[in-house]
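A.B. asks: sequence below, structure please.
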Amino acid sequence: MRIIFLFVIAFSVLGCSTTLTSPTPQYLTVLHTNDNHGRFWHNEKGEYGMAARKTLIDSLRNKAIAQGHTVLLLSGGDINTGIPESDLQYAEPDFKGMSLIGYDAMALGNHEFDNPMSVLKKQQQWANFPFLSANIFEKSTGKNVFDSYKVFNKNGLSIAVIGLTTTDTAKIGNPEYIRQLEFKDPIEITAQLAQKIKAQYNPDITIALTHMGHYVDASHAINAPGDVTLARSLPTNTLDMIIGGHSQEPVCMAAKNVNDDNFKPGLACTPDQQNGTWIMQAHEWGKYVGKAEFKLENGQLTLLNYKLLPVNLYVDKQHPDGTTSSVLANEYITPNPQLNAFLAEYQEKGAKQIEGKIGYVNARLEGDRNKVRYQQTNLARVIIQAQMNSTDADFGIMSGGGVRDSIAAGEVSYKDILKAQPFQNRVAYIDIAGEDLWQYLEVVTRFPPDSGAYMQYHKLSFEHKNNTLVKVLINGQALDKSKTYRMSINNFNASGGDGYPALTTAKGFVVTDETDSNALKRFFAEHSPIDAAQFAPK
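C.D. replies: A predicted model of the protein is given here:
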């Protein structure tokens, strides 16, 4: 009887947990990328590209499996938007390429909503892995629109992966495509969902796969809170790691809450850790594959090794004589021949749609992300001038996040135009009374640097004193509140995109049939050669 009683007690103790703590260590290798943005093909220098990425990932996966590791390959989202050859084909080569590489799951990024939902559904069909987001709900029903999580059971290891999307999608996503969606607080959602998953599955490891951004020491400014805030806001040990995207940076830390500004391809990288949670991000475009090796022993998860492995990236090497040359940061990775051949057909098809030169500019037009979100640039002014010409406007504005690439000096191709303006927003304008315009500018002139909302403008100047708008000039003349002015703007910002006040129902608002890229293309065709100095910010 005593033996039976002891057996019952032992069974009850063991039965309180789905996963038994094993004295034998288990190992997990997590591979990750994020913010692909249409870069299925390598660039002009042969950097990155999915075919080389596959070669690297296949090698890493095979080595890890040979060492007895469980392997997961994850993406932090934003597969869409950035390269015309991909954009014109709705990222079909990118999603199919990811499927052939063998991704296990991806978080939905804000740029997954650059197209209508019908396109996103088609992309789901092209992919053989789940799109995850636990905090996107349908307003009419209150139900999740996508899978919230996926539990992987591999080699006796149970791994829960929870998907999360930045709540900023509600203001930076195309309003025409997301009106029916609600983006809820990821912290509240994760806290509830993690408890549910633990009760149902009791996973060995829990991962948040996010597209929310890494902001050092949680300093997210105008942006929605990101991965650091998420980790700090949850009870300790809720998440073992956060694999992220959105802020498009290599998450490499020099010290606690201090970014490693000296990181370059090929150098060591220490990921962030907050509240017991490792936070990792692999920059952008498939430039790197992140590789994290973990050991799970007696319920304790330990990070053994972390690397950001460059995919055929070049770095500047300084020679003893003081000269520099561009050299590979690592050994050359030969693109996988099968995937390369598969993607080459899409590259050729896309290239045919955008071939040919359409103009000339005598100096670089600046559109880099780290410029257009911080300061006025000449390319933004060229874009706005093109839209002003299309609408006969007195001045124009747009959010800096709408400029996606620079245009180099020399001949300008249609591809250059589409890289700078990939969204196919329509050009719009509003005839607005001076009094109403002043109130509108009170809002949009306050958007701070380091955000996609930061306002680029042309034929407009203004002044703040004590955080109050005190002066506005249009074409060098003081704004007259009794006059009516015509302002050019794209339909994304006019619909409330990037947090701009909505204008679509206002009197005097008109949306044209011309896209922003076509307006810019026509401007180059009609006004080349373009003198960049004429558009230099003053």
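A.B. asks: Three-state assignment for E411, please.
C.D. replies: Taken by DSSP: H, G, I helix; E, B strand; the rest coil, the conformation at E411 corresponds to strand.
A.B. asks: which of the residues in the helix or strand that contains E514 are buried?
C.D. replies: Using DSSP states H and E, the secondary-structure element containing E514 is strand 509-515. By 16 or more other CB atoms under 10 Å, the buried positions in strand 509-515 come out as F509, V511, E514, T515. To be clear about C-beta, it is placed using only N, CA and C from the backbone, and glycine gets the same treatment.
A.B. asks: so P537 is in contact with R381, correct?
C.D. replies: Yes - counting by CB atoms under 8 Å, P537 sits close enough to R381 to count as a contact (7.0 Å).
A.B. asks: tell me which of the two has more neighbours.
C.D. replies: Between P537 and R381, counted using other CB atoms under 10 Å, the more crowded position is R381 (22 against 13).
A.B. asks: give the contact list for that one.
C.D. replies: Residues in contact with R381 (CB atoms under 8 Å, 6 or more residues apart in numbering) are Q456, H458, F535, P537.
A.B. asks: and the first one, how far is that from D392?
C.D. replies: Between Q456 and D392 the distance is 20 Å, computed by CB to CB, to the nearest Å.
A.B. asks: who has more neighbours, those two?
C.D. replies: Neighbours per residue, other CB under 10 Å: of Q456 and D392, the larger number sits with Q456, 23 against 9.
A.B. asks: was I right about that one contacting S399?
C.D. replies: Yes - using CB under 8 Å, Q456 is in contact with S399, at 7.2 Å.
A.B. asks: ok, which stretches of the stretch 101-250 of the chain are helices?
C.D. replies: Assigned by DSSP state H, counting those that start in this stretch, the stretch 101-250 of the chain shows helices spanning 117-126, 169-172, 175-178, 186-201, 227-233.
A.B. asks: export the third one to CSV, keeping only CA atoms.
C.D. replies: Just to be clear, that refers to helix 175-178. Once non-C-alpha atoms are left out, helix 175-178 reads as follows in CSV (Å, rounded to 0.1, in the frame of the first residue of the first chain):
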residue,chain,number,x,y,z
PRO,A,175,-5.2,53.9,-44.4
GLU,A,176,-7.1,52.7,-47.4
TYR,A,177,-6.0,49.1,-46.7
ILE,A,178,-6.1,48.9,-42.9
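A.B. asks: just the buried residues of it, please?
C.D. replies: For helix 175-178, using 16+ other CB under 10 Å, the buried residues are P175, Y177, I178.
A.B. asks: contact partners for the residue nearest to the spatial centre of the chain?
C.D. replies: Closest to where the C-alpha atoms of the chain average out (CA atoms, centre = their mean) is H246, at 3.5 Å. Contact criterion CB under 8 Å, 6+ apart gives 34-35, 76-78, 109-110, 166, 210-213, 226 as the residues in contact with H246.
A.B. asks: now it. Nearest residue, chain neighbours left out?
C.D. replies: Of all residues beyond its chain neighbours, the one nearest H246 is G213 (4.1 Å), with distances taken as CB to CB, 6 or more residues apart in numbering.
A.B. asks: count of residues packed around the one you found?
C.D. replies: Applying other CB under 10 Å, we find 23 residues neighbouring G213.
A.B. asks: still on that earlier bit, contacts for the strand holding E514, please.
C.D. replies: Where contact means CB under 8 Å, 6+ apart, the residues beyond strand 509-515 that reach it are 390-391, 421, 424-430, 491, 494, 503-504.
A.B. asks: so what strands line up beside it?
C.D. replies: Paired strands of strand 509-515, with direction, are strand 426-433 (antiparallel) (DSSP bridges).
A.B. asks: spit out the contact partners of the residue lying closest to I136 once chain neighbours are set aside.
C.D. replies: The spatial neighbour of I136 that comes closest, neighbours along the chain excluded (CB to CB, 6+ apart), is V145 at 4.9 Å. Residues in contact with V145 (CB under 8 Å, 6+ apart) are S133, I136, F137, E138, L181.
A.B. asks: wouldn't the second one be in contact with F183 here?
C.D. replies: The one in question is I136. Yes - with contact defined as CB under 8 Å, I136 counts as touching F183 (5.9 Å).
A.B. asks: helix or strand: which one has A64?
C.D. replies: With the criterion set as DSSP H and E, the secondary-structure element containing A64 is helix 50-66.
A.B. asks: what packs against that helix?
C.D. replies: Counting contacts by 3 or more CB pairs under 8 Å, 6 or more residues apart in numbering; DSSP states H and E, the secondary-structure elements packed against helix 50-66 are strand 26-33, strand 69-75, helix 92-101, strand 288-297, helix 337-354.
A.B. asks: can you redo those as TSV with mean neighbour count?
C.D. replies: As requested, the helices and strands packed on helix 50-66 are exported to TSV (neighbours: other CB atoms under 10 Å):
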stretch	mean neighbour count
strand 26-33	24
strand 69-75	24
helix 92-101	22
strand 288-297	20
helix 337-354	16
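A.B. asks: just tell me which of the ones you listed ends up closest to E463.
C.D. replies: Distances from E463 to each of the helices and strands packed on helix 50-66 were compared using CB to CB; the shortest belongs to helix 337-354, at 41.7 Å.
A.B. asks: report the inter-axis angle for the closest one versus helix 50-66.
C.D. replies: Relative orientation of helix 337-354 and helix 50-66, computed by axes from the mean of the first three to the mean of the last three CA atoms, to 10 degrees: 150 degrees.
A.B. asks: so how far is the helix or strand just after helix 337-354 off the chain centroid?
C.D. replies: The C-terminal neighbour of helix 337-354 among helices and strands, as given by DSSP H and E, is strand 357-361. Strand 357-361 sits 30 Å away from the centroid of its parent chain (CA atoms, centre = their mean, to the nearest Å).
A.B. asks: do the same with stretch 206-215
C.D. replies: 11 Å.
A.B. asks: what of stretch 459-467?
C.D. replies: Per CA atoms, centre = their mean, the displacement of stretch 459-467 from the mean C-alpha position of its chain is 31 Å.
A.B. asks: how about that stretch: buried residues?
C.D. replies: For stretch 459-467, the buried set under the neighbour-count rule, 16+ other CB under 10 Å, comprises K459, L460, F462.
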